[in-house]
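**Q** Provided below for reference: sequence and predicted model.
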Amino acid sequence: MLAAAETEMTMRTVARLAGVSVNRAVSVLHDLVHLGLVRRQDAGRAALVSLDRENEAGRLVAALSDVRNAVLRRLRQGARSIRPEPASVVLFGSFALGMATRDSDVDVLVVRAAAVPEDDEPWIESLGRWVDRASRIVGNPVNPLVVAESDVATLLERRDSVWGEIGKTGIVIAGSDLRYLPRVE
């Protein structure tokens, strides 16, 4: 009896996450078993299911589960093309937290190196090309927040604001960790 209740709760959770009814979730699971993507093993009144990684479609579904890491790798590679090099490029917000949705934008802090003037055209163009490419890679708009290297230390002192979150949960994809940038006066 407990196994059946646990299965029902699990299917409710799956249905809630998928935004469908429990009956629809069960029906889709049945179809996935029939197609060979999912293995089903009966265990009394319950059933144990798992993705069949020997099935080619199952292998691709498993690869999709790592899409966030693949995107981060590509963003890191692309950020190497920004010239002159930024002092730091940091993802923050919902994407960095692994909570992005299809409607999310990608928040990026870009720290302009102290030696690069704010109006440096090659810098602006290079950063713009990276932002455009990053948007295509992610499939969502990329919103860069550009700050001067000399402002970072002061901004990070605002721990109760977005700056505190950037310092705690941001993902460095290029340059230095914000905590290790030299204090520029």
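**A** Perfect, thanks for sending it.
**Q** Who are the contact partners of residue 104?
**A** The contact partners of residue 104, taken as Cβ atoms under 8 Å, 6 or more residues apart in numbering, are 93, 94, 95, 140. Any C-beta I mention is one placed from the backbone N, CA and C, and that applies to glycine too.
**Q** Quick check: pLDDT value at residue 7.
**A** Reported pLDDT at residue 7 in the predicted model: 44.
**Q** Let me fix that, I meant to ask about residue 103.
**A** pLDDT, residue 103: 92.
**Q** How about the one 10 residues further on?
**A** pLDDT for residue 113: 96.
**Q** That one and residue 89: what is the separation?
**A** 11 Å (Cβ to Cβ, to the nearest Å).
**Q** circling back to that earlier point, may I ask which of the contacts of residue 104 has the most neighbours?
**A** Compared across these, residue 95 has the highest neighbour count, 23 neighbours, by other Cβ atoms under 10 Å.
**Q** Would you agree that one is in contact with residue 106?
**A** Yes - the pair residue 95 / residue 106 is scored as a contact, 4.8 Å apart, by Cβ atoms under 8 Å.
**Q** Quickly list what's touching both of these two.
**A** 138, 140.
**Q** Contacts only, for the residue most central in space within the chain.
**A** With distances taken as Cα atoms, centre = their mean, residue 95 lies nearest the centre of the chain, 4.0 Å away. The contact partners of residue 95, taken as Cβ under 8 Å, 6+ apart, are 104, 106, 107, 138, 140.
**Q** Put together TSV for the contacts of residue 104, with distance to residue 168 and pLDDT on each row.
**A** Formatted as TSV, those follow (distance: Cβ to Cβ, whole Å; pLDDT from 0 to 100):
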residue	distance to residue 168	pLDDT
93	12	94
94	15	93
95	15	92
140	23	95
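**Q** Which of residue 113 and residue 89 has more residues huddled nearby?
**A** Comparing residue 113 with residue 89 by neighbour count (other Cβ under 10 Å), the higher total belongs to residue 89, at 27 against 17.
**Q** if I've got this straight, the more buried one is in a strand?
**A** Yes - counting by DSSP: H, G, I helix; E, B strand; the rest coil, residue 89 falls inside a strand.
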